[in-house]
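K.L.:
requesting a structural model of the entry that follows:
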Amino acid sequence: MSGGRERGRIEVSRKEWRILQEKLREKKRAEGLEPAATATLPNCVSPYGSIDEETEGRLEAVTEQVKIMRAKLPILLRQLRAIRDPRHPKKIRHRLTCVFIYGILSFVLQMSSRREANREMTRP
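P.N.:
Predicted coordinates:
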């Protein structure tokens, strides 16, 4: 088979694949399902109108989270400290309580992986 025909078949396959993907997305939207989160950051304009508006929105979100953490964190830390660490003492890089807190926050904030959590927490 010549290279031109093969390339044409591949292009048709790609078009069919895109059509099938779009149909699947439409079906999911009709069922009320949200699309899966992508691993890459979106290349779009911020929903905030100005820098002051974004700062205010972020400050409000953090303030609410801090209120909850101030109430619950001391109790949780006390309970986590009571758990014995089964890891090899010379190979420990992070305290067990820090690892637990990181995992809990990743779960609460619905992060699918450690990399996603790091990316979210280090974004401006």
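
K.L.:
nearest spatial neighbour of the residue nearest the centre of the chain, chain-adjacent residues omitted?
P.N.:
Most central in the chain under CA atoms, centre = their mean is residue 111, positioned 3.9 Å from the mean C-alpha point. If you skip the residues right next to it in sequence, residue 111 has residue 117 as its closest partner in space, 4.0 Å away by CB to CB, 6 or more residues apart in numbering. Heads up, the C-betas are built off the backbone N, CA and C, glycines and all.

K.L.:
point out where this structure drops to low pLDDT.
P.N.:
Regions of the chain meeting the criterion pLDDT under 70 cover residues 1-5, 7-8, 10, 12, 35-39, 41-42, 124.

K.L.:
which helix in the protein runs the most residues?
P.N.:
Across the chain, the helix with the greatest residue count (assigned by DSSP state H) is helix 51-81.

K.L.:
moving C-terminal from that one, which element do we reach first?
P.N.:
Proceeding C-terminally, helix 51-81 gives way to helix 96-108 as the next helix or strand, assigned by DSSP states H and E.
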